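**Student:** Sequence first, then the predicted structure, then my questions.
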Amino acid sequence: MPKLKTKSGVKKRFKLTATGKIKHGVAGKRHRLISHNAKYIRQNRGTEVLADADKARVMGWAPYGLK
């Protein structure tokens, strides 16, 4: 069987924690921030943990895991 390729976008967007959860950046922080209030910008700082419902889909895109 040939090796499976990891989706290149998944490599860039997701990281695996030590306990096996998936971290991702928060959307909506690139441009047009003048239309968002300060609370929105402040609360979406940093990274978040991916929901369990979406974890199986992302792991399917990365068949050999994430770094």
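**Tutor:** Ah, there it is. Values in this document were obtained by computation on a predicted structure and should not be read as measured data.
**Student:** contacts, neighbours, all on C-alpha from now
**Tutor:** Fine.
**Student:** State the phi and psi torsions of Val49.
**Tutor:** Torsion angles at Val49 (phi, psi; degrees, to the nearest 10) stand at phi -90, psi 140.
**Student:** quick one: it and Ile22 touch, right?
**Tutor:** Yes. Counting by CA atoms under 8 Å, Ile22 is a contact partner of Val49 at 5.7 Å.
**Student:** So those two - more neighbours on which side?
**Tutor:** In this view Val49 and Ile22 are compared by other CA atoms under 10 Å, and Ile22 has more residues nearby, 20 against 16.
**Student:** ok, for the more buried one, nearest residue in space, not its chain neighbours?
**Tutor:** Leu16 (4.7 Å; CA to CA, 6 or more residues apart in numbering).
**Student:** what sits against the one you found?
**Tutor:** Leu16 makes contacts with Ile22, Lys23, Leu66, Lys67, as judged by CA atoms under 8 Å, 6 or more residues apart in numbering.
**Student:** hmm, 10 Å instead?
**Tutor:** Leu16 makes contact with Ile22, Lys23, His24, Val49, Gly65, Leu66, Lys67, according to CA atoms under 10 Å, 6 or more residues apart in numbering.
**Student:** same question, Lys11
**Tutor:** Trp61, Ala62, Gly65, Leu66, Lys67.
**Student:** Most neighbours among the contacts of Leu16, which one?
**Tutor:** Neighbour max across those (other CA under 10 Å) = Ile22, 20 neighbours.
**Student:** Since that was my last question, I'll sign off now.
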